[in-house]
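Visitor: Need coordinates for the below:
(chains A and B)
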Amino acid sequence: MKNLIAVPVLGLAFIVQMAILSRMTLQSGSIDLILLILVSWALQEQVRSAWHWAVLAGLLAAFASGLPPYVQVVTYLLTVALARYTLRQIWQWQILALFSVTFFATLLSNLISYLGLFLNGTLLPVGDVLALITLPGVFLNLLFVLPVYALMRDLALWVYPQEELV
Amino acid sequence: MKKILSGSLQTTILFLLVAGILALALSGSLGFVSLGFNSFLLSVQSWVSSRFVAIQDFLTVSPDVVDLRRRNSELEAEVARLQAQVVQLNNQVADTRVLAALVNFSRANPDNAYTAASVIGRDPSPFLRYLIIDKGSNEGLRRGMPVVTDQGLVGRVDAVISSAARVQLISSLTSAVNIRLEKAGREAILTGSVAGDLTLDLVPQDVPLEAGDLVLTSGLGGGYPADLIVGQVLSVRKRDSDLFQQAVIQPVVDFTKLKIVLVITDFRPVSIDPLIPTQ
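Guide: Numbering: from 1, shown residues only, chains lettered A, B, ... in the order given. Got it, this is the predicted structure:
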């Protein structure tokens, strides 16, 4: 039942993403709130499963976006995989894990979108993509990941309360 | 006698002292002393006066101060409510202006049937420039229908569900629009880009292109109706060594400020893909 919390959280996040954040662009890059939520959620130690969050987010994004449907599903699954792997490797430095996963997940997301469009017959100039979408996107995601992480940490503590040591 | 002398001496000394001080004061030699004294006096007076006024206010406070405070809070709430109302009315005025312009456009172009729709979102991916509108198949929208404003072409419907639709902007990098240069009378293909710029590629060198030339849809390909305004030529890149020239197009529609759009619902797009020979 605890997994159902993903539905309202991601639903609300998609509304905010499409109605507000997609209009607030730096060059052509924008904040990927869904990606930040997935990274922040998957990096919480007490969270038992983040995979269904990735699947749900991918399906919602595939429904709403004009990108090929598999792009978002693959992107979010790989994002969660990267976050869970990183959590196991550098569990002592959560902030380092948070920023590094956000950085690499944003690059991964852009790379998969690029490949998806390429396979659909749209060849994009790599320089333009890097300068106008990827770099501004990385900057914005790194800027906004901390508040999102704080919110998701509170949510994780609420959903999976930790036992207090006496 | 001694007492009288002593008294006279004291008076004389006192008189001389006062006269000396007066003389010094009149000659200006005591200016710094009087300045310091005056400022000291003024500050003491100010302090006493302010305390007195404060005590007086405290003792003579109006008995209906509670009523005044209540009234003040009521008025503040009223001001806040009216300010919110002003913002709401301003938004309604702006929407009404847009709708009036769209109605004028539809009256001026009675050949087509239109459905107005509000823009409620944008594509979550920064790679694509798509809008989400609040009308769908329930209102008769179908894939491929052109979307316009009173200013010109916006794009076309890319996907439809019952109560919403996704619109591909002409500035999207996956968009290609067959256009006609009004002045030159030649056709070309307008494409979008990552940055959202509109460019004309593969325009032959002999086509006269100038900044300010009007760009209209040509109707070729069956994707859009003919003669919809797209934009103006902003700049031309022409080199003798190239086979073709390029032009940057300034769209007539500001895609970042779109709130309400019109969907041309009686236009049936024709797909010519089956007619294109495959290699």
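
Visitor: Tell me the buried residues in stretch B:225-237?
Guide: Neighbour counts over stretch B:225-237 (16 or more other CB atoms under 10 Å in any protein chain shown) mark B:225, B:228-234, B:236 as buried. (Each C-beta comes from the backbone N, C-alpha and C, glycine too.)

Visitor: scratch that, stretch A:119-133
Guide: Counting neighbours by 16+ other CB under 10 Å, stretch A:119-133 gives A:124, A:128-133 as buried.

Visitor: which of the residues you listed are close to chain B?
Guide: A:124, A:128-129, A:132-133 (CB under 8 Å from any CB of the partner chain).

Visitor: pLDDT check: weakest of the residues you listed?
Guide: Lowest pLDDT of those: A:L124, 86.

Visitor: how about that residue, what does it touch?
Guide: Applying CB atoms under 8 Å, 6 or more residues apart in numbering or on different chains to A:L124 gives the contacts A:114, A:117-118, B:127, B:173, B:194.

Visitor: any chance you could map the helices in chain B?
Guide: Secondary structure of chain B (DSSP state H): helices located at B:2-27, B:31-59, B:65-108.

Visitor: Does anything pack onto the first one? Which helices or strands?
Guide: So that's helix B:2-27. Packed against helix B:2-27, as judged by 3 or more CB pairs under 8 Å, 6 or more residues apart in numbering or on different chains; DSSP states H and E, are no other helices or strands.

Visitor: what's the distance between the most centrally placed residue in chain A and B:V252?
Guide: In chain A, the C-alpha nearest the mean C-alpha coordinate belongs to A:L35, at 1.1 Å (CA atoms, centre = their mean). From A:L35 across to B:V252, the span is 35 Å (CB to CB, to the nearest Å).

Visitor: Next: B:N178.
Guide: Distance of B:N178 to B:V252, computed by CB to CB: 17 Å.

Visitor: And for B:L198?
Guide: Counting by CB to CB - B:L198 and B:V252 are separated by 11 Å.

Visitor: tell me which element the residue nearest to the centre of chain A falls in.
Guide: helix A:33-42 (DSSP states H and E).

Visitor: and the helix or strand just after that helix, average pLDDT?
Guide: Where DSSP H and E defines the elements, the next helix or strand beyond helix A:33-42 is helix A:51-64. Per-residue pLDDT values over helix A:51-64 give a mean of 91.

Visitor: contacts for helix A:51-64?
Guide: A:3, A:6-7, A:10-11, A:14, A:18, A:34, A:37-38, A:41-42, A:67, A:69-77, A:79-80, B:121, B:123-125, B:132, B:166.

Visitor: Of these, just the buried ones, ChimeraX syntax please.
Guide: With 16+ other CB under 10 Å as the burial test, the buried ones among those are selected in ChimeraX as follows:
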select /A:6,10,14,18,34,37,38,41,42,67,71,72,73,74,75,76,77,79,80 /B:121,123,124,125,132,166
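
Visitor: Local confidence estimate at B:I264?
Guide: In this model, B:I264 is scored at 92, pLDDT.

Visitor: one step back: please identify which pair of the buried residues of stretch A:119-133 lies farthest apart.
Guide: Maximum pairwise distance in the buried residues of stretch A:119-133, criterion CB to CB, is 11.8 Å, between A:L124 and A:A131.

Visitor: hmm, back to that, which of B:L198 and B:V252 has more neighbours?
Guide: Per other CB atoms under 10 Å in any protein chain shown, whichever of B:L198 and B:V252 has more neighbours is B:L198, with 23 against 18.

Visitor: What's opposite that one in the beta bridge?
Guide: B:I249 (DSSP bridges).

Visitor: With chain A as the reference, measure out to it.
Guide: Per CB to the nearest CB, to the nearest Å, B:L198 is found 14 Å from chain A.

Visitor: and what of B:E187?
Guide: From B:E187 to chain A the distance is 22 Å (CB to the nearest CB).

Visitor: And the closest residue to that residue other than its chain neighbours, how close does it get to B:L190?
Guide: Once flanking residues are discounted, B:E187 sits nearest to B:S218: 4.9 Å by CB to CB, 6 or more residues apart in numbering or on different chains. From B:S218 over to B:L190 the distance is 10 Å, taken as CB to CB.

Visitor: Name the residues contacting each of those two.
Guide: B:178-179.

Visitor: So is stretch B:148-158 next to chain A?
Guide: Yes: using CB under 8 Å from any CB, stretch B:148-158 reaches chain A at B:D158.

Visitor: Could you do stretch B:123-135 as well?
Guide: Yes: Stretch B:123-135 is in contact with chain A by CB under 8 Å from any CB, via B:123-128, B:130, B:132.

Visitor: Tell me the span between the first and last residue of that stretch.
Guide: 16 Å (CA to CA, to the nearest Å).

Visitor: quick one: average confidence on that stretch?
Guide: 89.

Visitor: Spell out which parts of chain A neighbour chain B.
Guide: Counting by CB under 8 Å from any CB, chain A sits next to chain B at A:14-15, A:17-19, A:22-23, A:25, A:27-30, A:32, A:34, A:61, A:64-67, A:72, A:110, A:113-114, A:117, A:120, A:122, A:124-125, A:128-129, A:132-133, A:137.
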